[in-house]
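In: give me the fold of what follows.
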Amino acid sequence: ESVTDAKGRPVKKTRGAMALCQFIAQSRYMGKLHVATVEEVGECQPGKLAVGFQALPEEYPKGYVNLYFDSEETSRNMFASMPVLPLGKYEAVLSAPLSRMPVDPDVVLFFGNTAQIYKMVMAAGWDTGERLTFTASGEAWCSDAICPPMLDGKPHLAFCCNGGRILSWPSDNEVSIGVPANEL
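Out: Down below sits the predicted model:
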């Protein structure tokens, strides 16, 4: 289905291929309201896997051996344990600052230092006292930030991966949290 902005204009598809984290960073830093399909976020296999745009190519985990993991089996284990959205369920990702978001988002991403994110964690348990739990591997920031809030409806902390450090411009003292929009 097509999406329009507040003035009824169609939301533009982003130009060129990039990683999912880079696509999101353009909204964060440049205020962009844009949409991307698998072609536009095709520069990062873990990102495409995370949002269910495609399955991970069989040979892909081999590239992580001796870079991030000590063996192909370890690399495959990490990819197998990544939170991912169902394959083929979504055809596009819409990203925008909240002030420009033309639809109710599924997940809102917050970035901050540990003191700022601490307040978000405390807010998450305000009315239940429930502790947040999260998983992380240091790989595939987008998977940790976007997928758990959509899959289990709870906020999830995420640390920027190495690819994200290069492409999405986080500061070294920053952490993020993905929050289901309906929890705000």
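In: need the strands for this protein, in chain order.
Out: 34-36, 93-95, 107-112, 156-158, 175-180 (DSSP state E).
In: and those as CSV, adding mean neighbour count?
Out: Heads up, the C-betas are built off the backbone N, CA and C, glycines and all. Compiled in CSV, the strands of the chain are given as follows (neighbours: other CB atoms under 10 Å):
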stretch, mean neighbour count
strand 34-36, 20
strand 93-95, 20
strand 107-112, 18
strand 156-158, 24
strand 175-180, 21
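In: worst-scoring helix or strand of the chain, pLDDT-wise?
Out: Comparing every helix and strand of the chain by mean pLDDT, DSSP states H and E singles out helix 162-167 as the least confident one, with a mean of 87.
In: that older thread, okay, the strands of the chain in TSV with mean pLDDT and distance to Leu49 next?
Out: What follows is those, written out as TSV (pLDDT from 0 to 100; distance: least, CB to CB, whole Å):
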stretch	mean pLDDT	distance to Leu49
strand 34-36	94	15
strand 93-95	96	13
strand 107-112	97	17
strand 156-158	96	15
strand 175-180	96	17
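In: same list (those strands) but as CSV, adding distance to Met82.
Out: Shown next, in CSV, are those (distance: least, CB to CB, whole Å):
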stretch, distance to Met82
strand 34-36, 20
strand 93-95, 17
strand 107-112, 16
strand 156-158, 12
strand 175-180, 14
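In: ok, which of those comes nearest Ser27?
Out: Nearest to Ser27, of all the strands of the chain, is strand 93-95, at 4.2 Å by CB to CB.
In: so what's the nearest residue to Gly42 once chain neighbours are set aside scoring on pLDDT?
Out: Once flanking residues are discounted, Gly42 sits nearest to Ala17: 4.8 Å by CB to CB, 6 or more residues apart in numbering. You'll see Ala17 listed with a pLDDT of 91.
In: hang on, Ala17 packs against Glu40?
Out: Yes - with contact defined as CB atoms under 8 Å, Ala17 reaches Glu40; the gap is 6.0 Å.
In: compare these two (neighbour count), which wins?
Out: The neighbour comparison of Ala17 against Glu40 (other CB atoms under 10 Å) goes to Glu40, with 19 against 15.
In: so what's the more buried one scoring on pLDDT?
Out: So, for Glu40, pLDDT stands at 92.
In: what sits against the closest residue to it other than its chain neighbours?
Out: Using CB to CB, 6+ apart and skipping residues adjacent in sequence, the residue nearest Glu40 is Thr14, 4.8 Å away. Counting by CB atoms under 8 Å, 6 or more residues apart in numbering, Thr14 touches 23, 26, 32, 34-36, 40.
In: of those residues, closest to Ala181?
Out: Looking across these and measuring by CB to CB, the closest to Ala181 is Val35, at 17.1 Å.
In: and the gap between that closest one and Thr14?
Out: 7 Å (CB to CB, to the nearest Å).
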